[in-house]
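K.L.:
here is the input, now give the coordinates:
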Amino acid sequence: MEVIIQPDAQAASALAAQRIATVIRQKPSATLGLATGSSPLALYAELIRMHREEDLDFQHVTTFNLDEYLGLSPSHPSSYNAFMWENLFRHINVNPARVFVPSGKVDYCDLGKYCARYEEEIRKAGGIDLQVLGIGGNGHIGFNEPGSSLASRTRIKTLAPQTVEDNRRYFDAHHAVPLHVITMGIGTILEAGELCLLGFGEKKAQAAAAAVEGPLSAFVPASALQLHRKASVYLDEPAAAHLKHSEYYRWVFRNKPPEV
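P.N.:
Purely as a prediction, here's the structure:
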């Protein structure tokens, strides 16, 4: 696991965007796994800038999103489908037929089959080349809350109270945060060729330290990145505040071989 500490979220996101751009330029038909929430916003803004100013081409890229709230239509302003179109897709030349976001309107009775088909679509696309992740304040990735199996697949989950509270800001006063979601599983995430975790702000510091330096645990889902052969963790200074070995990570980054 590589830990990259930058002065602020903007600088860390710019580095993560450079890595994604390299993946796309090396493989124009790359498959990206994408995340929502506040963590990837600066990353998506930088990818949009690269598309407009540096001709970064998304026309052959396929995308799969991590999760979606159950009960929300794609057009609901708080849905993750709407989030992705507002903050990335409508600003780049991605082919809508290559965009996959879990549906929030699946009938509960059909969820098992629907989630199996989502996994199958990922396999048909050749697997995910690079998966973008944010880290929740309780260490979740996707909507895999503490206690999620490290071998889990795409499925329904019930949100933890902390996640409901953290996400209340994305809903207006007339809409409660849904308690149920569809999320890729941790086992699904670990099958990606490369993982890119973003964590910004002091509220993520404890979770980031537990994920990077704590024991592997289902109660810190992001600690599963320790199992991956190519995982990078991009943090700003406040999110890195609880790391015991931050100076070592900085030294490694400064002396990183050019081809790694």
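K.L.:
tell me how far L88 lies from A12.
P.N.:
For L88, the distance to A12 equals 18 Å [Cβ to Cβ, to the nearest Å]. Yep, even glycine has a C-beta here, placed from its N, CA and C like the rest.
K.L.:
next one: H51
P.N.:
20 Å.
K.L.:
who's more crowded, the two?
P.N.:
Between H51 and A12, A12 has the larger neighbour count (other Cβ atoms under 10 Å), namely 26 against 19.
K.L.:
and the more buried one, what element?
P.N.:
If you go by DSSP states H and E, A12 is part of helix 9-26.
K.L.:
from the contact counts, what lies against the helix or strand following that helix?
P.N.:
As assigned by DSSP H and E, the chain's next helix or strand after helix 9-26 is strand 31-34. Strand 31-34 sits against strand 62-65, strand 130-134, with contacts defined as 3 or more Cβ pairs under 8 Å, 6 or more residues apart in numbering; DSSP states H and E.
K.L.:
got the angle for the longest one vs helix 9-26?
P.N.:
By that I understand strand 130-134. Put simply, strand 130-134 runs at 160 degrees to helix 9-26, going by axes from the mean of the first three to the mean of the last three Cα atoms, to 10 degrees.
K.L.:
following strand 130-134, which helix or strand comes up?
P.N.:
Heading C-terminal from strand 130-134 (DSSP H and E), you reach strand 155-158.
K.L.:
now that following strand: how far from the chain's centre is it?
P.N.:
17 Å (Cα atoms, centre = their mean, to the nearest Å).
K.L.:
in that strand, which residues are buried?
P.N.:
Residues R155, I156, K157 are the ones in strand 155-158 that count as buried (16 or more other Cβ atoms under 10 Å).
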